[in-house]
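K.L.:
Compute the structure for the input listed below.
(chains A and B)
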Amino acid sequence: AQSVTQPDIHITVSEGASLELRCNYSYGATPYLFWYVQSPGQGLQLLLKYFSGDTLVQGIKGFEAEFKRSQSSFNLRKPSVHWSDAAEYFCAVGTTSGTYKYIFGTGTRLKVLA
Amino acid sequence: EPEVTQTPSHQVTQMGQEVILRCVPISNHLYFYWYRQILGQKVEFLVSFYNNEISEKSEIFDDQFSVERPDGSNFTLKIRSTKLEDSAMYFCASTRDRAVSPLHFGNGTRLTVT
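P.N.:
Okay, the predicted model is just below:
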């Protein structure tokens, strides 16, 4: 069965520090992978997506993610975190067999210290 | 950029009452979804809808739930007799194509059942 695991429920970093949020997926075929960000009381905003090709994808707000098939991972990174990055981050896999839908991970809540 | 819009942003209802959550997907999109997020938990798939019929529904989407596209623009989720455990944020999403297009999410409707 398809699934997405985000092992870190909470992460705290200092402003200016680098960030890596982990995401592991379980999916039999080539996955379509996404990262979304959710600010408090807001909807889900797409940060970046991977469909095929270059395994390092760039997104909005200075985020990037690297697809590693051998590790079934799609970790999100940012070299220097800003206080406004404090939010919840969701990794998702898009299933291409049967009905197309997303399966989300449980999310990682990021706290940024000034 | 076109957006998915949801109304109302917050709905309070008493247990046993019917509620209708409304969504206006992006106009040229063909696939529509409802997701649910109970406070502090992950985003869960409820139902997908295409060509005026349900494509897939999760086990959460029981007989209390129904979806409808009553006209060319609206997409609604009805809960017939709300329960306390239906309290959650409900997100509508749409996409143009299967698989290759990301889902666009609305800002959600927070449903509170008292």
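K.L.:
Give me the pLDDT for the residue sitting nearest the centre point of chain B.
P.N.:
Chain B has B:Trp34 as the residue nearest its centroid, 3.2 Å off, counting by Cα atoms, centre = their mean. pLDDT for B:Trp34: 97.
K.L.:
what helix or strand is it on?
P.N.:
strand B:31-37 (DSSP states H and E).
K.L.:
interface residues of chain A facing chain B?
P.N.:
Contact residues, chain A versus chain B (Cβ under 8 Å from any Cβ of the partner chain): A:32, A:34, A:36, A:42-46, A:49, A:51, A:90, A:92, A:94, A:96, A:98-107. All C-beta atoms are positioned from the backbone trio N, CA, C, and that covers glycine.
K.L.:
Throw together a ChimeraX command that grabs the buried residues out of those residues.
P.N.:
Of these, the buried ones can be selected in ChimeraX as follows, counting by 16 or more other Cβ atoms under 10 Å in any protein chain shown:
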select /A:32,34,36,43,44,45,46,49,51,90,92,94,96,99,100,101,102,103,104,105,106,107
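K.L.:
ok, now which ones touch A:Ile9?
P.N.:
Neighbour list for A:Ile9: A:106-109 [criterion: Cβ atoms under 8 Å, 6 or more residues apart in numbering or on different chains].
K.L.:
quick one on the thing from earlier: now check the strand holding B:Trp34, is it near chain A?
P.N.:
Yes: Strand B:31-37 comes into contact with chain A (Cβ under 8 Å from any Cβ), by way of B:31, B:33, B:35.
K.L.:
That strand: what's the following helix or strand?
P.N.:
Immediately after strand B:31-37, counting by DSSP H and E, sits strand B:43-50.
K.L.:
follow-up on the earlier one: please flag which of the residues of chain A next to chain B sit within strands.
P.N.:
A:32, A:34, A:36, A:45-46, A:49, A:90, A:92, A:94, A:101-104 (DSSP state E).
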